[in-house]
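Student: the following block contains a protein sequence and its predicted model.
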Amino acid sequence: MRRRLISSTLAVVLVVIAVFGISLVIVETRTISNSAQESVDSEALRLVSVIESRVAGHEPVDAKALAEQIGPERFAEITVPGSAPIVIGERPSGGVIRGTATGEEGERVTVEESRSTVTREVGRTLLIIAAVALLAVVAAVLLAVRQANRLASPLTDLAETAERLGSGDPRPRHRRYGVPELDRVADVLDASAERIARMLTAERRLAADASHQLRTPLTALSMRLEEISATDDPDTVKEEAIVALTQVERLTDVVERLLTNSRDPRSGSAVAFDVDEVVKQQIEEWRPAYRSVGRAIVCSGKHGMRAVGTPGAVAQVLAALIENSLMHGGGTVALRTRVTGNQAVIEVTDEGHGVPADLGARIFERTISGRNSTGIGLAVARDLAEADGGRLELLQQQPAVFALFLSREANGPAEHQVSPRSAERDRPIR
């Protein structure tokens, strides 16, 4: 491209120089020739005037007296009536420029000059024009190279940016070149890079969220299948199979919700639901896992609460908190339901060491973890809570108390406290 730009620019300059140079040569040649002719004619008239004045003053008219009146490179022939012709200088050979003048008393003067003097003057003028044309060509080449670099370098840079986008590097370069058209292309590429970066980030986030959220129901499903494979009791097999099917439905719901959130994080299917059912379901799912490590999971608080949200999302939030307590907490895990204002609150706490002081303010950030884990579980849980219009907070660090706040259903049925019998039924299972 540089070569084409330089060649085209140089071609235009050469055409302009040729057109104007030829015209200038023709004009200068004619001007020099006319100027030489006018000079010879003027000198002839001047000699006639000198001769007339000398004749009128009865002064001698001879070659010696008139030699100083004519240029050294010119030839003059003077004819005065009654006298012999007077010759001054050497007659030029070849082409000549001749000027003639006649006086009032019949005096006649002929001045000649060799045309070679005009040729030399024209040659000097041509050399000057050629030198100027050469300087113009050199300047044109330099300007063409500079302009070609100014245009070609940004295009090369833009091509490299496009190639980087194609190779998976979506970082915008934010370079501008002072050329409106090229800057427009750079703006479009940078905007495309930012969109691609957002898309890649969303895809990576979806993959991370999917791997984390699918792990819990898959683990629960695996445990149910192990229970089925370890028993020969048809009733137990049937019961566990029903629970496994429920897990499959939850797994399907998780996948659909992940895909929906990837398309529009604000989309949701919030409905009024029974909080007790979701809490009970989570306790039943996680009780075998806690039993296997010698720990217990219990619930307490108000019954009969109805909240507004997506039951599947609420279940995933609680599952993330319960799993977090299983991995990082200790002792009995308690799910407590209560009411504050127009909100239903589900608290999850355990008897472990709690959240380290240096992580308390950042516990919901992605990649933040107190141990060797992914660090995205609580971040995903908060996103799920906020998508339903709720919120997830850390109320206490030691021992850790997480609380899920949900809007209560307006004019819902009355809640009631847990009865002593219910509390007895929910004692820890060791």
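Tutor: Noted; the coordinates are in hand.

Student: dump the residue contacts of the closest residue to Ala320 other than its chain neighbours.
Tutor: Nearest non-adjacent residue to Ala320, counting by Cβ to Cβ, 6 or more residues apart in numbering: Ala381, 4.0 Å away. Quick note: C-beta positions are derived from backbone N, CA and C, even for glycine. If you count contacts by Cβ atoms under 8 Å, 6 or more residues apart in numbering, Ala381 has them with 316-317, 320-321, 392.

Student: from Leu45, how far off is Ala381?
Tutor: Counting by Cβ to Cβ, to the nearest Å, the separation of Ala381 from Leu45 is 114 Å.

Student: which element is the most centrally placed residue in the chain on?
Tutor: Nearest to the mean C-alpha position of the chain, by Cα atoms, centre = their mean, lies Asp190 at 1.9 Å. Secondary structure from DSSP states H and E places Asp190 in helix 180-230.

Student: that helix - what's its average pLDDT?
Tutor: The average pLDDT within helix 180-230 is 74.

Student: quick one: secondary structure of Leu394?
Tutor: strand (DSSP: H, G, I helix; E, B strand; the rest coil).

Student: that one: how many residues sit nearby?
Tutor: Neighbourhood size, Leu394 [other Cβ atoms under 10 Å]: 17.

Student: for it, give me its contacts.
Tutor: 355, 360, 363-364, 400-403.

Student: and the least confident of these?
Tutor: Out of those, that is Gly360, at 71.

Student: enumerate every residue touching that residue.
Tutor: Gly360 neighbours (Cβ under 8 Å, 6+ apart): 394, 397.

Student: now do it against Ala400, distance only.
Tutor: 9 Å.

Student: just for this structure, where's the confidence low?
Tutor: 1, 202-217, 220, 224, 247, 250, 253-269, 367-376, 410-430 (pLDDT under 70).

Student: which residues of the chain fall in helices?
Tutor: For the chain, the helices defined by DSSP state H occupy 2-56, 63-66, 116-166, 180-230, 234-263, 275-292, 311-328, 377-387, 420-425.

Student: the second one packs against which elements?
Tutor: For helix 63-66, the helices and strands in contact under the criterion 3 or more Cβ pairs under 8 Å, 6 or more residues apart in numbering; DSSP states H and E are helix 2-56, strand 86-88.

Student: can you tell me which of those is most buried?
Tutor: Highest mean neighbour count of the helices and strands packed on helix 63-66: strand 86-88, a mean of 17 (counted as mean count of other Cβ atoms under 10 Å).

Student: pull up the pairing partners for that one, direction included.
Tutor: strand 74-79 (antiparallel) (DSSP bridges).

Student: outside of the partner strand, which residues touch it?
Tutor: 40, 43-44, 47, 51, 61, 66, 70, 85-92, 107-113.

Student: what about the contacts of Leu394, which are in strands?
Tutor: In strands, judged by DSSP state E, the following of the contacts of Leu394 are found: 401-403.

Student: tell me which of these is nearest to Glu28?
Tutor: Phe402 (96.7 Å; Cβ to Cβ).

Student: list the contacts of that closest one.
Tutor: 321, 324, 347-349, 392-395.

Student: torsion angles phi and psi at the residue located most distally from the centre of the chain?
Tutor: The centre of the chain is farthest from one residue, Gly82, which by Cα atoms, centre = their mean lies 99.9 Å away. Dihedral angles of Gly82 (phi, psi; degrees, to the nearest 10) stand at phi 80, psi 0.
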